[in-house]
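Trainee: got a predicted structure plus its sequence, pasted below:
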Amino acid sequence: MSTRAVLTGVGVVAPIGIGTAPYWRSALAGRSGLRRLNRLDATCSPIAVAGEVTGFEPATWMTNKLRVQTDRWSWFAMAAAEMALADAAFKPADHPNFQLSVVTASGSGGNEFGQKEEQALWAEHPSKVSAYQSIAWFYAASTGQISIKHGLTGGCGVVSADGAGGLDALKQAWRLLRRGSKAVLVGGSEAPLSPFALTCQSTLHTVYRGQDPDRAYLPFSPHAAGFVPGEGGALMVLEDRSHAAERGARIYAELLGHAATHDAHHHTAPAPDGVQLARAITTALASAGREPDDVDVVFADGAGDPDGDAAEAAALRRVFGPRLADLPVTVPKSAVGRLTSGGGALDTACAALALRSGVIPPTAGADEVASLERYGIRLVTRRLRPARLCTVLVVARGTGGFNSAVVLGSFE
Amino acid sequence: MQANGRRVVVTGVGAIAPGGVGREAFWDRIVGGRPAIRRISRFDPTEYRSCIAAECDFDPVAAGLTPQEIRRNDRFAQFALAASAEALLDSGLRTGEEDTERIGVSLGTAVGATITLEDEYVVASDHGRLWEVDPGHGMPFLYRAMHPSSAASEISLRYGLHGPSGVVSTGCTSGIDAIGYAFQAMKDGEADIMLAGASDAPISPITVACFDAIRATTTGGDDPEQASTPFDKERSGFVLGEGSAILVLEDLDHALARGAHIYCEVRGYDNRANAYHMTGLRPDGYELSEAIISAMCEAGVRPDQLDYISAHGSGTAQNDRHETAAYKRALGDHAYKVAISSVKSVIGHSLGAIGSLEMAACALAVDRGVIPPTANLVHPDPECDLDYTPIFAREQPVRHALSVGSGFGGFQSAMVFSAVLSAAEAGI
């Protein structure tokens, strides 16, 4: 991949902060955003704990006209896109629009909007379905709206690979840069906390069904009891390096490598041997021109259920061998829950922030000794400034067997 | 990592389409120009503005799906599994004898598992009575319906494929884009073989109602078979369809080494967004023409070499004129000479799936030297003054075929399939 791709802007909407600075402060403090579900309409839900975005005001980010035409999941993406562009000091209007693109990962689309329209159809009449259902619910809505809002006419894309999709979006964005785009808004978001969406997720046996936010999502812990769904996500500006240099952009990190594999093992459970996950990691490292020994920290997928954690630990052992016991591993998503399509994007944003600041955020709720004993994984339990922080590995998996890995490097 | 010299060919075609299941039934239907459109039978459409659709007569058991696969997969995923099976069988590949780490899946879908989601919603909400739905009614596999990527993983799982797998969901260009992403992944050396295509099964109350709401679909008049009339001045909207096509994309050398039948070569692909309107199109067709020019440039194909265009041809006045303008801008005088047709006149518009079915039609057109017609094109719109191949198929060599797609969100895509030429002929 001869075109070098760098991250020049980050925008975040997360349960622990709206905006990059508030998010990063919370992430470094290990402050958890997992709560008993606040929504008044979730009292029947079998899922009581979630990572909910609170205090999000759509009016801050979009016109009322646009708000009523779009779902909450697109609001997050549109807001994060605004933030990422502002953070990158990138004004799309200053550049030829055919060289600008947007790629989002999208998992479940416009859940709340869709449920409202289904209700109108079934409780009232088919003619009561909104004219906006056709553009609000479908998985491509966020990409389409962002493209229109910012005048991006390059090859725009939408990918979906459950929790791995956020990393796959980066791959597609990189491809667009190689094909002539100069900047791509890339990332993902999800808003799966409306009643029917919660019902859908409750059919996964790995979801946490208890009531205690402090024990709800503990990746690599002996007490791991499942995962907690969350909402939000991140968008970033991925830019051609020379283009970024010419305009004097501040650079967070360089995208060095990506690879994806599939377990083809079971329709929900990951392969216990971690072979394909390990192959995604080694292939991503090879494409980055890096060795396992170069990796300074792993942003792990952190399923939060014993089988998923064991499979990931097995994969990491395959890649890193005995060094794994000394390698910092962090799961910052333990503070926000699993955001599906937003998860890989938010982890990448977090890794970019870590590379620029030289500080690794902790895994909220982690017990270093217990995770080391149980899985041989040395979780970062409080903010850590390592001697060297140049190469970061981000791992993401999706239900059904998707494995993706991204390698980011500090930019000199 | 990049292997730009690599050539990618189509060695297998599987199709589930209205009017007959399987590749040959699909081909016969579109070549015969016999519309497979009828009154909706999947639910009672009496209360809807548009009561017609192009439905598939699909039997998952006959298609070889296991009871488990049928139970845990929505109709759209079942289509994709069945089309994958046919494509693999057609290719002669035995996945057990191949390096499965080098085989991937790229599946397009616009709306995924709407039928399952809606059926389950109706029960859980007591026909819309409850906003806080009864969680006890979640069927065991509902999470899989919520995430369309489950269909791609189902294909990987069925054949033990460990290469990259995922869904592309760019609305109505999903089919072309999914094949395009697979093509690019192979050019980048990420896989040697990809199962690439798309699937949609959107004939559900919510989808019919949402197109009713914006009057995008035709009510169809008296005769459903004459309802889909792209490029005809009497057209009045598109007809919703369903289906799936999966292509086996294979490295040329790999295909030659095993003596595979090669339908065509994937030569070029690109896409653009119009950044204009979620459903509206710029009258000048600018971004679509840019996608066409870029795809043809990558393919190394000049406008005058183009023998066939599989049009988007949805049968809305806005689209048909937008598309006509795009061809004129991209191809110049040759726009008036090349044969163009819309198979949507026969099999309707199956949203994300249709792009894959149209690429399958292009692969077969190149392979068999036949151009399928635009059915029902009796009164051409004077503003659509190109050769839209009315009524009757044409037998003629197709060396280079272009397919285009255009969809909600403003997405515009184009792809070029060519007869396999020698490297010298191809200018590679």
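Mentor: Nice, I can see it.

Trainee: who touches the nearest residue to residue A:352 once chain neighbours are set aside in this structure?
Mentor: For residue A:352, ignoring the flanking residues on the chain, the nearest one in space by Cβ to Cβ, 6 or more residues apart in numbering or on different chains is residue A:252 at 4.0 Å. Any C-beta I mention is one placed from the backbone N, CA and C, and that applies to glycine too. Residues in contact with residue A:252, defined by Cβ atoms under 8 Å, 6 or more residues apart in numbering or on different chains, are A:6, A:7, A:8, A:10, A:352, A:353, A:355, A:356, A:411.

Trainee: hmm, try it at 6 Å
Mentor: A:7, A:352, A:356 (Cβ atoms under 6 Å, 6 or more residues apart in numbering or on different chains).

Trainee: hang on, isn't the first one packed against residue A:239?
Mentor: No. Here residue A:7 lies out of contact with residue A:239, judged by Cβ atoms under 6 Å, at a distance of 7.6 Å.

Trainee: where does pLDDT dip in chain A?
Mentor: For chain A, the stretches with pLDDT under 70 are A:1.

Trainee: go again using 80 as the cut-off
Mentor: A:1-2, A:40, A:42, A:412 (pLDDT under 80).

Trainee: give me the domain ranges for it.
Mentor: A:5-246, A:257-409 (automatic domain parsing).

Trainee: got these as a markdown table, with distance to residue B:268 and mean neighbour count columns?
Mentor: What follows is the domains of chain A, written out as a markdown table (distance: least, Cβ to Cβ, whole Å; neighbours: other Cβ atoms under 10 Å in any protein chain shown):
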| stretch | distance to residue B:268 | mean neighbour count |
| --- | --- | --- |
| domain A:5-246 | 11 | 24 |
| domain A:257-409 | 24 | 23 |
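
Trainee: would you convert those domains into TSV that also reports distance to residue B:393?
Mentor: Formatted as TSV, the domains of chain A follow (distance: least, Cβ to Cβ, whole Å):
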stretch	distance to residue B:393
domain A:5-246	33
domain A:257-409	40
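
Trainee: mind listing the helices for the stretch 1-150 of chain B?
Mentor: B:23-32, B:67-72, B:75-91, B:114-124, B:142-146, B:149-159 (DSSP state H, counting those that start in this stretch).

Trainee: tell me which of those helices lies nearest to residue B:305.
Mentor: For the helices of the stretch 1-150 of chain B, the distance to residue B:305 is smallest for helix B:23-32, at 23.2 Å, taking Cβ to Cβ.

Trainee: what about the strands in the stretch 251-400 of chain B?
Mentor: B:264-273, B:308-310, B:339-341, B:370-371, B:394-395, B:400-407 (DSSP state E, counting those that start in this stretch).

Trainee: which residues are in contact with residue 367?
Mentor: In the absence of a named chain, this looks at chain A. By Cβ under 6 Å, 6+ apart, no residues touch residue A:367.

Trainee: other chain: chain B
Mentor: residue B:263.

Trainee: touching chain A at all, stretch B:37-49?
Mentor: Yes. Using Cβ under 6 Å from any Cβ of the partner chain, stretch B:37-49 reaches chain A at B:47, B:48.

Trainee: now do that stretch: distance to the chain's middle.
Mentor: 23 Å (Cα atoms, centre = their mean, to the nearest Å).

Trainee: list the contacts for the residue of the stretch 1-150 of chain B found nearest chain A?
Mentor: Taking Cβ to the nearest Cβ as the measure, the stretch 1-150 of chain B has residue B:128 as its residue closest to chain A, at 3.1 Å. For residue B:128, the contact set (Cβ under 6 Å, 6+ apart) comprises A:119, A:122, A:123.

Trainee: distance to chain B added to these, as CSV?
Mentor: As requested, these are arranged in CSV below (distance: Cβ to the nearest Cβ, whole Å):
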residue, distance to chain B
A:119, 5
A:122, 3
A:123, 3
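
Trainee: from the residues you listed, which ones fall inside helices?
Mentor: For the contacts of residue B:128, the ones inside helices are residue A:119, with DSSP state H as the criterion.

Trainee: show me the contacts for residue A:271.
Mentor: Contacts of residue A:271 by Cβ under 6 Å, 6+ apart are A:263, A:265.

Trainee: ok, 8 Å please
Mentor: A:263, A:265, A:277, A:311, A:401 are the contacts of residue A:271 under Cβ under 8 Å, 6+ apart.
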